[in-house]
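Engineer: I'll drop the sequence and a predicted model, then ask my questions.
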Amino acid sequence: MGAQLRVYKRRIRSVTATKKITKAMEMISASRIVKAQRAVAASTPYADELTRAVTAVATRSNAKHPLTTENPQAKTAAVLLITADRGLAGGYSTNAIKQAIALSARLRAEGKDVVTYIVGRKGVSYYNFRNLEVGGSWTGFSDKPTYGDAKAVAVDLIEAFTAETGGVDELHLVSTKFESMLTQTPVDARLLPLKLDEVTLSDDKPAKAEIFPLYDFEPSAEGVLDALLPRYVESRIYNALLQSAASEHAARRRAMKSATDNAGELIKSLTRLANSARQAEITQEISEIVGGANALADASRGSE
Amino acid sequence: MAELHVELVAADRKVWSGAATIVVARTASGDTGIMPGHTPVLSVLETGPVTIRTVNDGTVVAAVHGGFISFADNKLSILAEVAELADEIDVARAQRALDNAQSELDAHAERRAEVRLVAARGLKAA
């Protein structure tokens, strides 16, 4: 086998192996999207009931709560950025990071200090590599977040928000919204302080449009609000984590699909090249044999 | 017989839903029983067992950790961060968790494990 042909064969083998891997990743991601979407759907009843309850308390009483009180001289803003733990997901993490950077620039332009909190190893390594300050980070659950994970994140953030000194005055959330299998958009939203007039249900209808019965609050409206608001923040973060996880899988599936397709193309063109190299080799061998035979015939004719 | 509709929802799934005649839950001010036609109420739940008496005289017991109940229009929503039905609870695991919590003096974990055990045993007794 000629040297050229051997090189082509080796490259075809290696691309075929890569294609097998990307194909497998594509199929794994495809099955996980469905699971992630189911998780989003399963968490909706809780989120909706919670939203209704919070809105009911807010409309039926004038209770004030630290989590809903706006600080007119907001000096520090926290940004919670949700990224992936693993790469090979196309532009998923990069897009979320870009959104966070743009948001931070906007907040700084308003004269606020920005503290960044990060979920997911990709975001952490991006910030560390550029020596950007990170307020706190959580990793290891980006593809399958549980409510406990969301709670752990929320507890720290609420603590930072309610701290007497050195705390943050606002909390923004940057996550990726799962629109469809093909579209995932990075979004940012202000989580704290809560604007209770603007809370919406899962179908984007404002919760305030409903008419609430006159509830008896137990132990008191303030007490209920005290218990509900942290839960509400947790559930918002949980929902963002779930949506982002679904987006991550969708982005990975798409990236792996195009990688598989590209590998297929590459194999096709390499096979063509290998075929023509083999043909060239055969042609050369034939012409060498013919040339050799002619030379022999000429030589023997000359000696007679 | 009058009945009320119950939805028991945990943060990550719907645990149980159906019709019931009375629901007893541990709220901040003590055990509260809710029957059909109760006045609208929204109250905070303690970690404790929730007992649902269904229309066909069955009993559903669940261990509930943190959350709240809201009742209006004969519809009761029980929302909990974590909720487990009694027959889902792994008694051996709950017992282990209880032992761990006792040795580590973690009062919250101890209470959670206790409630799970009570809920699981309560069903067995009934």
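Structural biologist: Received, thanks.
Engineer: what's A:Thr183 sitting at in phi/psi?
Structural biologist: phi -120, psi 120 (degrees, to the nearest 10).
Engineer: alpha carbons of stretch B:34-49, as PDB, please.
Structural biologist: Only the C-alpha atoms of stretch B:34-49 are listed here, as PDB (Å, rounded to 0.1, in the frame of the first residue of the first chain):
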ATOM      1  CA  ILE B  34     -59.800  21.200  57.000                       C
ATOM      2  CA  MET B  35     -63.200  20.000  56.000                       C
ATOM      3  CA  PRO B  36     -65.300  21.000  53.000                       C
ATOM      4  CA  GLY B  37     -66.600  24.500  53.200                       C
ATOM      5  CA  HIS B  38     -63.800  25.700  55.400                       C
ATOM      6  CA  THR B  39     -63.200  29.500  55.300                       C
ATOM      7  CA  PRO B  40     -60.400  30.400  52.800                       C
ATOM      8  CA  VAL B  41     -57.100  30.000  54.600                       C
ATOM      9  CA  LEU B  42     -53.400  30.300  53.800                       C
ATOM     10  CA  SER B  43     -51.100  29.000  56.400                       C
ATOM     11  CA  VAL B  44     -47.500  27.900  56.900                       C
ATOM     12  CA  LEU B  45     -46.800  24.200  57.400                       C
ATOM     13  CA  GLU B  46     -44.400  22.700  59.900                       C
ATOM     14  CA  THR B  47     -42.500  19.600  59.200                       C
ATOM     15  CA  GLY B  48     -45.000  16.900  60.000                       C
ATOM     16  CA  PRO B  49     -47.300  14.200  58.700                       C
END
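Engineer: give the buried residues for it.
Structural biologist: B:34, B:36, B:38, B:40-49 (16 or more other CB atoms under 10 Å in any protein chain shown). Every residue, glycine included, has its C-beta placed from N, CA and C.
Engineer: element containing the residue of chain B found nearest chain A, please.
Structural biologist: Among the residues of chain B, B:Ser43 lies nearest to chain A; the distance is 3.3 Å by CB to the nearest CB. Using DSSP states H and E, the element containing B:Ser43 is strand B:41-45.
Engineer: ok, the following helix or strand past that strand near chain A or not?
Structural biologist: Note on strand B:41-45: by DSSP H and E, the next helix or strand toward the C-terminus is strand B:48-54. No. Counting by CB under 8 Å from any CB of the partner chain, chain A is not contacted by strand B:48-54; separation bottoms out at 14.5 Å.
Engineer: what strands line up against strand B:48-54, and which way round?
Structural biologist: Under the criterion DSSP bridges, strand B:48-54 sits next to strand B:13-27 (antiparallel), strand B:59-72 (antiparallel) in its sheet.
Engineer: so the first one versus strand B:41-45, what angle?
Structural biologist: Per axes from the mean of the first three to the mean of the last three CA atoms, to 10 degrees, the angle that strand B:13-27 makes with strand B:41-45 is 90 degrees.
Engineer: what is the helix or strand following strand B:13-27 packed up against?
Structural biologist: The helix or strand immediately downstream of strand B:13-27 is strand B:30-34, counting by DSSP H and E. Applying 3 or more CB pairs under 8 Å, 6 or more residues apart in numbering or on different chains; DSSP states H and E, one finds that strand B:30-34 contacts strand B:13-27, strand B:41-45, strand B:59-72.
Engineer: let me have those strands in a markdown table, extended by mean pLDDT.
Structural biologist: As requested, those are arranged in a markdown table below (pLDDT from 0 to 100):
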| stretch | mean pLDDT |
| --- | --- |
| strand B:13-27 | 89 |
| strand B:41-45 | 88 |
| strand B:59-72 | 87 |
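Engineer: what does the stretch 151-300 of chain A have sitting close to chain B?
Structural biologist: A:151, A:212-219, A:223-224, A:227-228, A:231, A:234-235, A:238.
Engineer: just the buried residues out of those, in ChimeraX syntax.
Structural biologist: Buried residues among these (16+ other CB under 10 Å), as a ChimeraX selection:
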select /A:151,212,215,217,218,223,224,227,228,231,234,235,238
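Engineer: pick the most buried one from the strands paired with strand B:48-54.
Structural biologist: strand B:59-72 (a mean of 23; mean count of other CB atoms under 10 Å in any protein chain shown).
Engineer: partners of the very next helix or strand once past it, with directions?
Structural biologist: Next along the chain after strand B:59-72, taking DSSP H and E as the criterion, comes strand B:75-85. Strand B:75-85 has the following strand partners under DSSP bridges: strand B:4-10 (parallel), strand B:59-72 (antiparallel).
Engineer: surely A:Leu173 touches A:Arg236?
Structural biologist: Yes. Assessed by CB atoms under 8 Å, A:Leu173 is found in contact with A:Arg236 at 7.3 Å.
Engineer: joint contacts of those two?
Structural biologist: A:Leu191 (CB atoms under 8 Å, 6 or more residues apart in numbering or on different chains).
Engineer: mind checking how far B:Glu114 is from B:Ala120?
Structural biologist: 11 Å (CB to CB, to the nearest Å).
Engineer: what's the angle between the helix ranked longest in chain A and strand B:59-72?
Structural biologist: Secondary structure assigned by DSSP state H gives helix A:221-303 as the longest helix of chain A. Helix A:221-303 and strand B:59-72 are oriented at 110 degrees to each other (the same axes, to 10 degrees).
Engineer: what's the burial count for A:Leu132?
Structural biologist: 13 (other CB atoms under 10 Å in any protein chain shown).
Engineer: does it sit in a helix or strand, and which one?
Structural biologist: Going by DSSP H and E, A:Leu132 is not part of any helix or strand.
Engineer: and the buried residues of stretch B:34-49, which two are furthest apart?
Structural biologist: B:Pro36 and B:Thr47 (26.4 Å; CB to CB).
Engineer: lowest confidence element among the helices and strands of chain B?
Structural biologist: For chain B, counting by mean pLDDT, DSSP states H and E, helix B:107-125 ranks last in confidence among helices and strands (a mean of 72).
Engineer: any part of that one near chain A?
Structural biologist: No. Helix B:107-125 does not reach chain A (CB under 8 Å from any CB); its nearest approach is 12.7 Å.
Engineer: and the most centrally placed residue in chain B, bridged to which residues?
Structural biologist: A centroid search over chain B (CA atoms, centre = their mean) returns B:Val50, at 2.6 Å, as the residue closest to the centre. Beta bridges link B:Val50 to B:Ala62 when assigned by DSSP bridges.
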